[in-house]
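>>> I'd like to go over a predicted model; first the sequence, then the structure.
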Amino acid sequence: MENNPYLETMMKCSRCGACQAKCPVYAELKMEPYVCRGKLELLDSLKEGKVKWNDRMADIFSTCLLCGACANNCNNGVKGDKIILSARQELADEHGVGFAKKSIFHLLLKYPGRLNFAGKCAYIYERGGLRTLAHKTKVLSLLPGSMGEMEKMLPDFNSRSFRKKVGNKVSPKGGEPKLRVAYFTGCMTNLVNERIGQAIIDILVANRVEVLLPEQYCCGVPAWASGDYHTARELAAKNVTNFRNLPVDYIITDCASCYSTWLDYPELLQDDSLKELTAKFIDINRFLVDVLDIHFDLPDDGKEPVKVTYHDSCHLKRTERGREAPRELLRRLAPRYEFVEMDLADRCCGSAGSFNITHYDLSQKVGAHKLDSMLRSGATILTAACPSCLMQLSHILREHKELSARHTVELAYECFKEEEERKAARMTQVRLAQEKRAQAQKNGPAHVKKSVAKKAEAKRKAEVKKYGLIEAKKRSKSR
Ligand code: SF4
Ligand code: SF4
């Protein structure tokens, strides 16, 4: 632990136990080694040579969400999550990360083409009838442990990579863009949530923002959180190379985990000059609210607004305006949506990168802890600004169809579309009115002439009746 940059904060731990009250893992396991204080005690023993890294220690240190609740609740400024992460690095350096993780990190994450292929295979499994067959034959129940249950967590994969589908650049039509951004889609939007990606591009382009989608790699968080910071550094360095010299005003992302990882790139790559680049990074919620100052011109249609609540992703809430911007965006969706706050909004959902795969049962218990507050909120839509949290929350809500989990941007997109449709309808009305006026102007003189002639004829007939035909002619001539 000598090289641990957070060692100094570790020394400040007074063993007060305040972190225990907020630790979601401790709330489920009720065992001291699983809370921050217990882990720090173990690290002290490790430093003093009283214990060594072994399977039990590896289990304890891997059983942490890195949610940061301990650090946020520590009056002594101990950075519990960062210390645990550093301990994982030491463990991985000494003992590796295990065969499965190593294979995924080294054979998949480093190769975007292979990741895309894996996504395609998952899509074929889901849509090609294999998944239906697996569920009908109950073959999944033969899988070891909770793997059968975990399979239900699989999201709907895109038919092909979102970035490939969209291309490298999307520009507003006609004229210069007012802003230019690069979009770091993250693996989830690229392989799973294309509707989120498309919503973002459509909103931005309509607001005269040009969107660049350069080649990109996994942000590195799955490897880093597992202690494999060599792979994380490699991926980070490749992303930096691809984004560093882009002529853009901002770099946006819809994934809280990618965002927070990018903000940590200067620390990961030990390069402070990267702060200039990461300063351009901005979460899509904050970009829409603070940079574009987006508003939706929607009239009250007399219908009850749909109640929507919000889950704070651990990764987003600790960034600048990370708590406020998504809520502000949701408030701007009135009168179609009404934002309602829920209890425990900022409690970790248990997703924590790959924690919901490596510790499925525990992660479900952590997530279920929030279920009551979600249902009690009275909302019918639960939003989040992180695709990983959404995957976890959708799975937790699978038995509760009265509440669906969606990205904040998806709701913004619905309002944007309604506004666009209204604008188009208004323009059609204006065009039709203009056409009618033009036609009236064209027909106007003939119509007037006709009416004058009609009046003259009526007058003539009245005179004939009054004075007789000859007299009437005379009167007409004398006029
Ligand atoms: S980490 Fe902080 S909150 Fe936890 S026991 Fe130590 S001083 Fe107390
Ligand atoms: S980071 Fe979260 S899960 Fe890990 S010890 Fe701290 S509070 Fe517990």
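Perfect, thanks for sending it. Numbers count the residues shown, from 1 in each chain. Ligands and ions are numbered 1, 2, ... in the order given.

>>> let me see the contact set for the residue of the stretch 301-450 of the chain found nearest ligand 2.
Nearest residue of the stretch 301-450 of the chain to ligand 2 (C-beta to the nearest ligand atom) works out as residue 348 at 6.5 Å. In this view, the C-beta of every residue, glycine as well, is placed from N, C-alpha and C. Residue 348 is in contact with 24, 65, 67, 69, 314, 366, counting by C-beta atoms under 8 Å, 6 or more residues apart in numbering.

>>> which one of these is nearest to residue 154?
residue 366 (19.9 Å; C-beta to C-beta).

>>> out of the contacts of residue 348, which is nearest to ligand 1?
The closest of these to ligand 1 turns out to be residue 69 (C-beta to the nearest ligand atom; 10.2 Å).

>>> which non-adjacent residue is nearest that closest one?
Nearest residue to residue 69, sequence neighbours excluded (C-beta to C-beta, 6 or more residues apart in numbering): residue 22, at 4.1 Å.

>>> same question for residue 346.
Among residues not flanking residue 346 along the chain, residue 312 sits closest, at 4.0 Å (C-beta to C-beta, 6+ apart).

>>> ok, residue 15 next?
Spatial nearest neighbour of residue 15, excluding adjacent residues (C-beta to C-beta, 6+ apart): residue 37 at 5.8 Å.

>>> tell me where the model's unsure across the stretch 301-450 of the chain.
Across the stretch 301-450 of the chain, residues meeting the criterion (pLDDT under 70) sit at 444-449.

>>> show me the shaky parts of the stretch 1-150 of the chain.
For the stretch 1-150 of the chain, applying pLDDT under 70 flags the ranges 1-5, 140-148.

>>> show me what the helix or strand where the residue nearest to residue 15 lies is packed against.
Taking DSSP states H and E as the criterion, residue 37 maps to helix 36-47. Judged by 3 or more C-beta pairs under 8 Å, 6 or more residues apart in numbering; DSSP states H and E, the packing partners of helix 36-47 are helix 55-62, helix 80-95.

>>> got the domain ranges for the chain?
According to automatic domain parsing, the chain comprises the domains 7-96, 112-291.

>>> circling back: looking at the contacts of residue 348, spot the one nearest residue 134.
For the contacts of residue 348, the nearest to residue 134 is residue 366 (27.2 Å; C-beta to C-beta).

>>> for burial, what's the neighbour tally of the nearest residue to the closest one once chain neighbours are set aside?
Nearest residue to residue 366, sequence neighbours excluded (C-beta to C-beta, 6+ apart): residue 350, at 3.3 Å. Neighbour count for residue 350, taken as other C-beta atoms under 10 Å: 28.

>>> report the secondary structure state of residue 350.
The three-state label given to residue 350 by DSSP: H, G, I helix; E, B strand; the rest coil is coil.

>>> before we move on, what about the one 3 residues further on?
Following three-state DSSP, we place residue 353 in the coil state.

>>> give me the neighbour count for the nearest residue in space to it that is not next to it in sequence.
Ranked by C-beta to C-beta, 6+ apart and with sequence neighbours excluded, the top spatial neighbour of residue 353 is residue 225, at 4.8 Å. Residue 225: 25 surrounding residues under other C-beta under 10 Å.

>>> mind listing what residue 225 touches?
Taking C-beta under 8 Å, 6+ apart, we find residue 225 in contact with 66, 85, 88, 352, 353, 354.

>>> most neighbours, which of these?
residue 352 leads the contacts of residue 225 on contacts (other C-beta under 10 Å) with 27 neighbours.

>>> which residues does that one contact?
65, 66, 67, 225, 314, 363.

>>> just the residues you listed now: which is nearest residue 334?
Nearest to residue 334 among these is residue 314, at 27.7 Å by C-beta to C-beta.

>>> which bits of the chain sit near ligand 1?
Residues of the chain lying near ligand 1 by C-beta under 6 Å from any ligand atom: 13-19, 36-37, 70, 74, 76, 78, 80.

>>> so which of these are also by ligand 2?
When contact is defined as C-beta under 6 Å from any ligand atom, these meet ligand 2 at 36, 70, 80.

>>> format these as TSV; extra columns: neighbour count.
Output for these, formatted as TSV (neighbours: other C-beta atoms under 10 Å):
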residue	neighbour count
36	29
70	28
80	28
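
>>> could you pull up phi and psi at the nearest residue to residue 402 once chain neighbours are set aside?
Computed as C-beta to C-beta, 6+ apart, the closest residue to residue 402 that is not its neighbour in sequence is residue 380, at 6.4 Å. Residue 380 adopts backbone torsions of phi -110, psi -10, taken as degrees, to the nearest 10.

>>> and what of the one 3 residues further on?
Main-chain torsions, residue 383, degrees, to the nearest 10: phi -110, psi 160.

>>> do residue 162 as well
phi -60, psi -40.

>>> and what of residue 210?
Note on residue 210: backbone dihedrals following degrees, to the nearest 10 are phi -80, psi 140.

>>> all strands of this structure, in order?
169-170, 179-183, 209-212, 250-253, 281-283, 306-310, 337-339, 381-384, 404-407 (DSSP state E).

>>> including distance to residue 429, could the ones you listed go into JSON lines?
Below are the strands of the chain laid out as JSON lines (distance: least, C-beta to C-beta, whole Å):
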{"stretch": "strand 169-170", "distance to residue 429": "30"}
{"stretch": "strand 179-183", "distance to residue 429": "31"}
{"stretch": "strand 209-212", "distance to residue 429": "28"}
{"stretch": "strand 250-253", "distance to residue 429": "35"}
{"stretch": "strand 281-283", "distance to residue 429": "38"}
{"stretch": "strand 306-310", "distance to residue 429": "28"}
{"stretch": "strand 337-339", "distance to residue 429": "27"}
{"stretch": "strand 381-384", "distance to residue 429": "32"}
{"stretch": "strand 404-407", "distance to residue 429": "32"}
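
>>> those strands: which one's closest to residue 192?
Closest approach to residue 192 among these (C-beta to C-beta): strand 404-407, 11.3 Å.

>>> mind giving me the packing neighbours of the lengthiest helix in the chain?
Across the chain, the longest stretch assigned as helix under DSSP state H is helix 408-467. Secondary-structure packing of helix 408-467 (3+ C-beta pairs under 8 Å, 6+ apart): helix 194-206, helix 284-286, helix 324-331, strand 381-384, helix 469-478.

>>> a markdown table for those, including mean neighbour count?
Below are these laid out as a markdown table (neighbours: other C-beta under 10 Å):
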| stretch | mean neighbour count |
| --- | --- |
| helix 194-206 | 20 |
| helix 284-286 | 25 |
| helix 324-331 | 21 |
| strand 381-384 | 24 |
| helix 469-478 | 11 |
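
>>> of all the ones you listed, which lies closest to residue 97?
Nearest of the helices and strands packed on helix 408-467 to residue 97, taken as C-beta to C-beta: strand 381-384 at 27.7 Å.

>>> tell me the neighbouring strands of the closest one, and mark each as parallel or antiparallel.
Here strand 381-384 is paired, per DSSP bridges, with strand 306-310 (parallel), strand 404-407 (parallel).
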